[in-house]
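Asks: need a structure here:
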Amino acid sequence: MAQRRSRGPGREHNDRVRLVTAIVIDGREIARASRARTAERVAAFTVANGYAPGLATILVGSDPASAVYVSNKRKAAAEAGLVDVHHHLSGDAAHEDVADLIDRLGGDSRVAGILLQLPLPANLDKSALIDRIVPKKDVDGLTARNQGRLARGEPGLRPCTPAGVIELLDSARVKVEGASATVIGRSDLVGHPAAELLLRRGATVTIAHSRTRDLPAVASQADILVVAAGIPGLVGADHIKKGAAVIDVGIHRTATGLSGDVRFDEAASVAGWITPVPGGVGPMTIATLLANTIAAAESAAKDLANRGIQ
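Replies: As a prediction, the model looks like this:
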């Protein structure tokens, strides 16, 4: 079952104890199920085509958080049966060197997906390098081509975190069609694509952000609230409509551990559904990355078969 109810006591707020009564959406469990489905598809692909598809990861520099994220992605890819194709470049790598590597991976038929870990060192042109990735191998869904396809409602690889948000809502049986949805955050990585995906599913969507005038009044009208502002503890009970689904995309390292953009205990006393941090959106990002990779491999194999190439 992809959801559970927590009844433990929350923190004190407004001089009284709030209880966590929302259904907590278990992203770890939902991600495990998704990864199991991906592993089955990878195994079937390998038998049908005689090789396992590869996921290429590119890490530039020595940012500790990026190194951890890439390591987790590589481990998950290997567990799913994908071939790990990793490249670690120094922080002073030239733009041309990174671009050449992306081009080589783009021409390798055994590489189904290419992931360029962000952020990049300041000397590199992020947008130019992302758009260097072949759109059919853009498993992060960040190229201008794939973002344009999303905006036009055309088929294409979708950004991992926003797609994971939709899967969490679906798994919790939160009705998206006809719902009022607010996305707090306007980044190209999460905010905008999350809004587009919700819109395509029939929600009425508002995009807000940290500078929105009277943010609590705006946010508290939403049946679905996706919080991706990157500000620790930005959202509390006064931002949330009674019974709303609250998806917390934020993740921050604090002295007491990991926390999100949402003040969990306080919000969970009002919300109908809520994702925890950790254990909510984070696992879905990697699960969706793996699903995108096998989807890219299957699409490439189909294209070759249609052209009569074995």
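
Asks: Can you point out the buried residues in the longest helix along the chain?
Replies: In the chain, ranked by residue count with DSSP state H as the criterion, the top helix is helix 281-306. If you call a residue buried by 16 or more other CB atoms under 10 Å, then helix 281-306 has these buried ones: 281-298, 300-301. The way it works is simple: take the backbone N, C-alpha and C, and place the C-beta from them, glycine included.

Asks: Centre of the chain to that helix, how far?
Replies: 14 Å (CA atoms, centre = their mean, to the nearest Å).

Asks: what's the average pLDDT for it?
Replies: Per-residue pLDDT values over helix 281-306 give a mean of 95.

Asks: Quick check: chain neighbours aside, which residue is closest to D97?
Replies: Take D97 and drop its neighbours on the chain: the residue closest to it by CB to CB, 6 or more residues apart in numbering is L89, 6.8 Å away.

Asks: and what of R74?
Replies: In space, R74 is closest to D84, 5.1 Å off (CB to CB, 6+ apart).

Asks: roughly how far apart are that neighbour and G164?
Replies: From D84 across to G164, the span is 21 Å (CB to CB, to the nearest Å).

Asks: Show me which of these two is the more surrounded one.
Replies: Neighbour tally, D84 and G164, criterion other CB atoms under 10 Å: the higher count belongs to G164, 30 against 13.

Asks: That one: what secondary structure?
Replies: Counting by DSSP: H, G, I helix; E, B strand; the rest coil, the backbone at G164 sits in helix.

Asks: so where is this structure shaky, pLDDT-wise?
Replies: Applying pLDDT under 70 to the chain picks out residues 1-18, 309-310.

Asks: Map the structural domains onto the sequence of it.
Replies: 51-135, 159-282 (automatic domain parsing).

Asks: In contact with G113, which residues?
Replies: Residues near G113 by CB atoms under 8 Å, 6 or more residues apart in numbering: P53, G54, L55, A56, K137, D138, V139, L289, N292, T293, A296, A297.

Asks: can you list those residues in a markdown table and add distance to T204?
Replies: Output for those, formatted as a markdown table (distance: CB to CB, whole Å):
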| residue | distance to T204 |
| --- | --- |
| P53 | 38 |
| G54 | 41 |
| L55 | 36 |
| A56 | 39 |
| K137 | 34 |
| D138 | 29 |
| V139 | 30 |
| L289 | 29 |
| N292 | 27 |
| T293 | 33 |
| A296 | 32 |
| A297 | 36 |
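
Asks: With A237 as the reference, measure out to the nearest residue to F45 once chain neighbours are set aside.
Replies: Excluding its sequence neighbours, the residue lying closest to F45 (CB to CB, 6+ apart) is A297, at 5.8 Å. Using CB to CB, we find A297 at a distance of 45 Å from A237.

Asks: Who are the contact partners of G202?
Replies: G202 neighbours (CB under 8 Å, 6+ apart): V176, E177, G178, A179.

Asks: If we use 10 Å, what do you get?
Replies: Going by CB atoms under 10 Å, 6 or more residues apart in numbering, G202 touches K175, V176, E177, G178, A179, A181.

Asks: Which stretches in the protein count as helices?
Replies: Going by DSSP H, the chain shows helices at 27-49, 64-79, 95-106, 126-130, 144-152, 160-171, 191-200, 215-219, 264-268, 281-306.

Asks: can you redo the ones you listed as TSV with distance to G257?
Replies: Formatted as TSV, those follow (distance: least, CB to CB, whole Å):
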stretch	distance to G257
helix 27-49	16
helix 64-79	15
helix 95-106	34
helix 126-130	30
helix 144-152	34
helix 160-171	21
helix 191-200	25
helix 215-219	25
helix 264-268	12
helix 281-306	14
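
Asks: So which of these is nearest Q117?
Replies: Q117 lies closest, by CB to CB, to one member of the helices of the chain: helix 64-79, at 5.1 Å.
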